[in-house]
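S.K.: What would the 3D arrangement of this be:
(one chain, ligands or ions: 1)
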Amino acid sequence: MSQQKGRNFINLKNAMLVFTVFALWFSVYFGERVEAILSYTLILSFGILHGANDIHLIWSTYNTKNTQVSRNKVITIYILAVFSILALFSLSPFTALIFFILVSGYHFGEQHWEKSFSVKTIWNKGIYLVYGLFILFMLFYLKHEQVIPIIDELTGNRLTMDFLEGTMLTLGVLLLLSLGIQFLMGRVTSNPWEELFLLGVFFVIFKTASLLWGFCIYFVVWHSIPSLMDQMDYLYGRSTWETFRNYLKTSWPYWLVSLVGLIGLYWLLGENNEYFISVLIYFLAAITFPHVIVMSRLEKD
Ligand SMILES: CC1=C(/C=C/C(C)=C/C=C/C(C)=C/C=O)C(C)(C)CCC1
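M.R.: The predicted structure is shown next:
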């Protein structure tokens, strides 16, 4: 059984690598406009979908033999969490953005490394954070020409290229040291060369593709799709086309409400924001916080 699971995982990784190489080829042949259309399509479909079942997941993880929670209560708490984040962005955008980047980094790292540590320690959580932040800062640094104005629009703070470079290098050294120690102690089950190679692939993608396409490839291919599969494993015991159909059946209403929410947010904030990506960031932040709590609980289970 575990051998079967391992084989599926390796197949998934290979498929993701093949898709990534294809996406890289695509970015060389097609212009920014085509990339942008495809990026928004993938982010708004698979990207949003992987968080669309959160309410159902919270409800099913909390509804055990001993505790009963009503669906309405879960929906109310979820909506409150989403609006609190939007309120934080309007009160103190810089604090909200720092918080969002930290939480996103942790979440990306947790998704990638969760199955790879044979011993559970508090250090693993630090590695999740450093890994995800390193990926994000690699993208911010390599695409600084677009990222600096976007962050300026969101927060009124103009980051410098030196800051982005320094943070990326510091995170890189921290990551090498912390993961290196874990590998030497024999606590990591994945192949270190494969992991280094993967970081190299992300570097090339972020450098070659546009900001949106680079983010889309990481967010959709390397984060949302594996996360969708984890969620299907949790909910239905396996991830197949059939369980994907079941997943779609429970998540499509939430997915649709999310899209309507994004359109509403654009209608409210569009005039004040030159970049649509800024509105997308508010939206992602609002749905990310509850999502990270749900997924951390699910990975623990
Ligand atoms: C700040 C910033 C970005 C960061 C986006 C992040 C951090 C997204 C995280 C999404 C998550 C964690 C979704 C849920 O699963 C972009 C778009 C790269 C563009 C440049 C500015």
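
S.K.: contacts for stretch 153-168?
M.R.: Residues outside stretch 153-168 that contact it (C-beta atoms under 8 Å, 6 or more residues apart in numbering): 93-94, 97, 134, 137-138, 140-141, 144, 147-148, 151-152, 273-275, 278, 281. In this view, the C-beta of every residue, glycine as well, is placed from N, C-alpha and C.

S.K.: mind running it again at 7 Å?
M.R.: 93-94, 97, 134, 137-138, 140-141, 144, 148, 151-152, 273-275, 278, 281 (C-beta atoms under 7 Å, 6 or more residues apart in numbering).

S.K.: hey, C-alpha coordinates of that stretch in PDB?
M.R.: Only the C-alpha atoms of stretch 153-168 are listed here, as PDB (Å, rounded to 0.1, in the frame of the first residue of the first chain):
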ATOM      1  CA  GLU A 153       0.400  50.400  -4.500                       C
ATOM      2  CA  LEU A 154      -0.800  48.000  -1.800                       C
ATOM      3  CA  THR A 155       1.100  49.500   1.200                       C
ATOM      4  CA  GLY A 156       2.600  52.800   0.200                       C
ATOM      5  CA  ASN A 157       6.100  51.400   1.000                       C
ATOM      6  CA  ARG A 158       8.700  51.200  -1.800                       C
ATOM      7  CA  LEU A 159      11.000  48.200  -1.200                       C
ATOM      8  CA  THR A 160      14.500  48.400  -2.600                       C
ATOM      9  CA  MET A 161      16.200  45.800  -4.800                       C
ATOM     10  CA  ASP A 162      19.000  45.500  -2.100                       C
ATOM     11  CA  PHE A 163      16.400  44.500   0.500                       C
ATOM     12  CA  LEU A 164      14.800  41.900  -1.800                       C
ATOM     13  CA  GLU A 165      18.200  40.500  -2.700                       C
ATOM     14  CA  GLY A 166      19.500  40.500   0.900                       C
ATOM     15  CA  THR A 167      16.400  38.800   2.200                       C
ATOM     16  CA  MET A 168      16.500  36.100  -0.600                       C
END
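
S.K.: interface residues of the stretch 51-200 of the chain facing the ligand?
M.R.: Gly51, Ile101, Ser104, His107, Leu136, Leu139, Val147, Ile150, Ile151 (C-beta under 6 Å from any ligand atom).

S.K.: The second one: what's it in contact with?
M.R.: For Ile101, the residues meeting the contact criterion (C-beta under 7 Å, 6+ apart) are Leu136.

S.K.: change it to 10 Å
M.R.: Gly132, Leu133, Leu136, Phe137, Phe140, Ile151, Ile281, Ala285 (C-beta atoms under 10 Å, 6 or more residues apart in numbering).

S.K.: What residues of stretch 93-104 count as buried?
M.R.: Burial within stretch 93-104, assessed by neighbour count using 16 or more other C-beta atoms under 10 Å, is assigned to Pro93, Ala96, Leu97, Phe99, Phe100, Ile101, Val103, Ser104.

S.K.: Closest one of these to the ligand?
M.R.: Ser104 (3.6 Å; C-beta to the nearest ligand atom).

S.K.: Remind me which helix or strand the closest one belongs to.
M.R.: Using DSSP states H and E, Ser104 sits in helix 93-113.
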